[in-house]
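Visitor: 3D, please:
(6 chains)
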Number of protein chains: 4
Amino acid sequence: MAQRGRKPSAWKNVAPSRDELFALKRTALLREAARAFSARGYHDTSLDDVAKTLGVTKPALYYYVTNKQEILFECHMLAQDLGNVAYDYAVEHGKTGREKIVLVCRRYIELITSEIGSCAVLSEFAALEPKNRAVIAKRRDDFQKKFSELIIEGVKDGSIREADPRMTVFFFMGAINWMTQWFRPDGDMSGEGIASVFSDLLEHALKPQ
Amino acid sequence: MAQRGRKPSAWKNVAPSRDELFALKRTALLREAARAFSARGYHDTSLDDVAKTLGVTKPALYYYVTNKQEILFECHMLAQDLGNVAYDYAVEHGKTGREKIVLVCRRYIELITSEIGSCAVLSEFAALEPKNRAVIAKRRDDFQKKFSELIIEGVKDGSIREADPRMTVFFFMGAINWMTQWFRPDGDMSGEGIASVFSDLLEHALKPQ
Amino acid sequence: MAQRGRKPSAWKNVAPSRDELFALKRTALLREAARAFSARGYHDTSLDDVAKTLGVTKPALYYYVTNKQEILFECHMLAQDLGNVAYDYAVEHGKTGREKIVLVCRRYIELITSEIGSCAVLSEFAALEPKNRAVIAKRRDDFQKKFSELIIEGVKDGSIREADPRMTVFFFMGAINWMTQWFRPDGDMSGEGIASVFSDLLEHALKPQ
Amino acid sequence: MAQRGRKPSAWKNVAPSRDELFALKRTALLREAARAFSARGYHDTSLDDVAKTLGVTKPALYYYVTNKQEILFECHMLAQDLGNVAYDYAVEHGKTGREKIVLVCRRYIELITSEIGSCAVLSEFAALEPKNRAVIAKRRDDFQKKFSELIIEGVKDGSIREADPRMTVFFFMGAINWMTQWFRPDGDMSGEGIASVFSDLLEHALKPQ
DNA sequence: TATGAATGAGTATTCATTCAT
DNA sequence: GATGAATGAATACTCATTCAT
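Guide: Numbering: from 1, shown residues only, chains lettered A, B, ... in the order given. Below is the predicted model:
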């Protein structure tokens, strides 16, 4: 999807190439669809609505995606990517298991609040068709496994008190994912603010004694 | 709707009266619908499906409800009731603010896990029509306010460390509500088990030091 | 339908007999249905509406009629009867053809305005099922034929100027039947008032010179 | 919607432009629907019927209208337009009030008999939804008012004998509107024939002495 | 690339009618 | 005589998807 290696186009790449334009438009489509899906739900959002908001007609969308399902699926993928980004960041910057866990939490919240429109789609899991649902579920499980391994690590290095790793992950993944239901970018609490409160709560929940 | 005081019918009231039958059937309808809504989403669940599962025809449903919306709305109401039940229980049995909070959490989880089918409907908030959505949102807010007052109480009586009450409520309400997305009654963790883990995490997150 | 010759019941006929009660209720049903059909149209009137207005439940109606169609049909019959009543009256009281025609017109208007609710049903001719439609059409034609014969009679006796009898009948039957579309019993023009104006117009339209 | 001034397309404008095609199809739809509504009544005519007759599928209709109601409404509007056309013609060509009235009558009949399918819809007034009904009623009243003013004019200029203007209008508007109930284009009386008979009757009904 | 036009499949809802009680 | 309950059939309307242009 990325176009790193393409041959230099004329105009010193000032104007985006055809491929870039395509990617740009496709992303805009996904973003707008995610926003709409989150607001009204997948099944209650017609492609006509999405198209109108983008200023094109419905059939035009089919040039960029093959399906309404594909849109939903891609949105899920994008939203999940944020989790991995947060994870990588935390593993790189944290030392103890607890530090890492808390960092994931903080970073993840910062990311999804900055992109909340696209992320709220996570609650439309049921609307995925079986095949896609399986893929997304698998990725979710993988992510949560990596997560619970951080907890195990923390228990080993003494930074985290004895706790059921899986349940603990469910616990704070729930706290974070549920944000899509109430967070408003224009609310009186910034993404960073929430990240602080939540990671603080998490830290106390986990640390020994 | 309850028929406590009605004149004793024959058969020692073994057979349900007409009104009771009506209520029974209506409840069965709501339960089944909630299960379906949770599994496939509101918009993707046809009343035909619900009716078929109940062994009746679609129009028969309309004898018990006026609308598909009404079903969704009533499901939300029922699910929300559990929260209040848990709250009342906790206020009655807990002493300090923290004790109460933890009790609500534990009791609430026990309740929703025993009735998970009906509760998972909570994630279909967006499918409510505006008027109903407003009602449910109001009740949700009221509930969360009562909740955060328990936290304030705990901070005052010293059982809870200094914390943003509203965010704290969002934090663990999220943890609990998200359960509807992963909890399976036949999973390897019982409702009580989860209740224990979650209320323990909550307790540590809140207690001073 | 009338019960003239029935054997004297007890109580000196003070209380209506079973048969009379049946007839009474049936008539009330037809009247109310006619009113509703006129106001909202046949297809837009549900038997539930009719039943509710009568203070019974829908299935109860089926004790008095076999069909929704039957109701419409009987209403048409009743409405048409008025025409014949008017005709008989006119033939009895008028001398020349013109006198008779004008009398029919006056009498007919008086009758339908006193019973407008039931008569407006005449515009629901299209809602009759083919078989019934044929019956009603036949009666309508018969009536109009008797009518045009009065015109022929008038032309012969010199009270009416030369005119196409059939068209003339259509002309003023239309004028009269259309009343069902605008006449209101509580309007500023009484049935007698209209009868006067209309029969006056008719008289001038027909008389020689 | 008309394309008078558009840039001349190839083929000497033989082929209708896109917009023209749209308008053409929409009109065909309205015409066919009117015919069906008149024959079977609004509520007893399914859009499936209409679509099938037009050789398209039902959803295709929704490309041209938003509603079944819209169809009925537009049909009423078109039918009413004929009245105004007749009125304008009469005012232009007639001298005395009576001449004008008689001309309206004649012209109007000629118009509706040539378009009887669309006009018969006038008897489906009750099927209009309240909002639309109000609009149509208003136009009808306006038309009848213009009409009765012609009568007043005739009374003043001595061409019409003293008469209640409103009732007189009702009288012959009824005669004419009722035609939709019996006129058949293939009957033994042409539109012009009827126009002659009716306007003759009207003339005699109105003229002094 | 994008659009106008059309379609097939689906779905909520209404309602006349029936029947056991 | 009347009712609660249920059903079958019908119908307006929506929408993802396709395709010629």
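
Visitor: how many neighbouring residues does the nearest residue to A:Leu47 once chain neighbours are set aside have?
Guide: Take A:Leu47 and drop its neighbours on the chain: the residue closest to it by Cβ to Cβ, 6 or more residues apart in numbering or on different chains is A:Lys58, 5.1 Å away. The way it works is simple: take the backbone N, C-alpha and C, and place the C-beta from them, glycine included. The number of residues packed near A:Lys58 is 13, by other Cβ atoms under 10 Å in any protein chain shown.

Visitor: pLDDT score for A:Lys58?
Guide: As summarised for this prediction, A:Lys58 has a pLDDT of 94.

Visitor: who's in contact with it?
Guide: The contact partners of A:Lys58, taken as Cβ atoms under 8 Å, 6 or more residues apart in numbering or on different chains, are A:47-48, A:51.

Visitor: which of those residues lies closest to A:Asn84?
Guide: Of all the contacts of A:Lys58, the one sitting nearest A:Asn84 is A:Leu47; the distance, using Cβ to Cβ, is 29.2 Å.

Visitor: quick one: contacts for the residue lying closest to A:Arg139 once chain neighbours are set aside?
Guide: What sits nearest to A:Arg139 in space, not counting adjacent residues and going by Cβ to Cβ, 6+ apart, is A:Gln80, at 5.3 Å. Contacts for A:Gln80 (Cβ under 8 Å, 6+ apart) come out as A:136, A:139-140, A:143.

Visitor: quick check: the farthest pair among those?
Guide: In terms of Cβ to Cβ, the contacts of A:Gln80 reach their longest pairwise distance at A:Ile136 and A:Phe143, which sit 10.6 Å apart.

Visitor: ok, and the helix or strand in chain A with the lowest average confidence?
Guide: Evaluated with mean pLDDT, DSSP states H and E, the helix-and-strand set of chain A has its lowest mean pLDDT in helix A:116-119, which scores a mean of 74.

Visitor: report the distance from the helix or strand containing A:Asp48 to the chain centre.
Guide: Counting by DSSP states H and E, the element that carries A:Asp48 is helix A:47-54. Helix A:47-54 has its average C-alpha position 23 Å from the chain's average C-alpha position, going by Cα atoms, centre = their mean, to the nearest Å.

Visitor: what segments of chain A are helices?
Guide: When assigned using DSSP state H, the helices of chain A occupy the ranges A:18-40, A:47-54, A:58-61, A:68-93, A:97-114, A:116-119, A:130-156, A:165-177, A:179-182, A:191-206.

Visitor: kindly reformat those as a markdown table and extend each row with distance to DNA strand F.
Guide: Rendered in a markdown table, the data for those read as follows (distance: least, Cβ to the nearest atom of the strand, whole Å):
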| stretch | distance to DNA strand F |
| --- | --- |
| helix A:18-40 | 9 |
| helix A:47-54 | 4 |
| helix A:58-61 | 4 |
| helix A:68-93 | 4 |
| helix A:97-114 | 25 |
| helix A:116-119 | 18 |
| helix A:130-156 | 12 |
| helix A:165-177 | 25 |
| helix A:179-182 | 21 |
| helix A:191-206 | 31 |
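
Visitor: and the ones you listed, which one's lowest on average pLDDT?
Guide: helix A:116-119 (a mean of 74).

Visitor: next one: that one, is it in contact with chain B?
Guide: No: counting by Cβ under 8 Å from any Cβ of the partner chain, chain B has no neighbours in helix A:116-119; the shortest distance is 13.6 Å.

Visitor: now the residue nearest the centre of chain A: how far from D:Ala163?
Guide: Closest residue to the average C-alpha location of chain A: A:Ala79 at 2.4 Å, with Cα atoms, centre = their mean. When Cβ to Cβ, to the nearest Å is the yardstick, A:Ala79 and D:Ala163 sit 79 Å from each other.

Visitor: A:Met77: how many residues sit nearby?
Guide: Applying other Cβ under 10 Å, we find 14 residues neighbouring A:Met77.

Visitor: dump the residue contacts of it.
Guide: Contacts for A:Met77 (Cβ under 8 Å, 6+ apart) come out as A:136, A:139.

Visitor: try it again at 10 Å.
Guide: A:30, A:132, A:135-136, A:139 (Cβ atoms under 10 Å, 6 or more residues apart in numbering or on different chains).

Visitor: which ChimeraX command selects the buried ones in these?
Guide: When burial is assessed using 16 or more other Cβ atoms under 10 Å in any protein chain shown, the buried subset of the contacts of A:Met77 is captured in ChimeraX by this command:
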select /A:30,132,136,139
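
Visitor: can you lay out the contacts of A:Met77 as CSV showing distance to B:Gly187?
Guide: Formatted as CSV, the entries for these read as follows, by distance: Cβ to Cβ, whole Å:
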residue, distance to B:Gly187
A:Leu30, 33
A:Asn132, 23
A:Val135, 21
A:Ile136, 19
A:Arg139, 20
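
Visitor: spell out which parts of chain A neighbour DNA strand E.
Guide: A:18, A:21-22, A:25, A:56-60, A:62-63 (Cβ under 7 Å from any atom of the strand).

Visitor: do I have it right that A:Ile116 meets A:Arg35?
Guide: Yes: counting by Cβ atoms under 10 Å, a contact exists between A:Ile116 and A:Arg35, whose distance comes to 9.2 Å.
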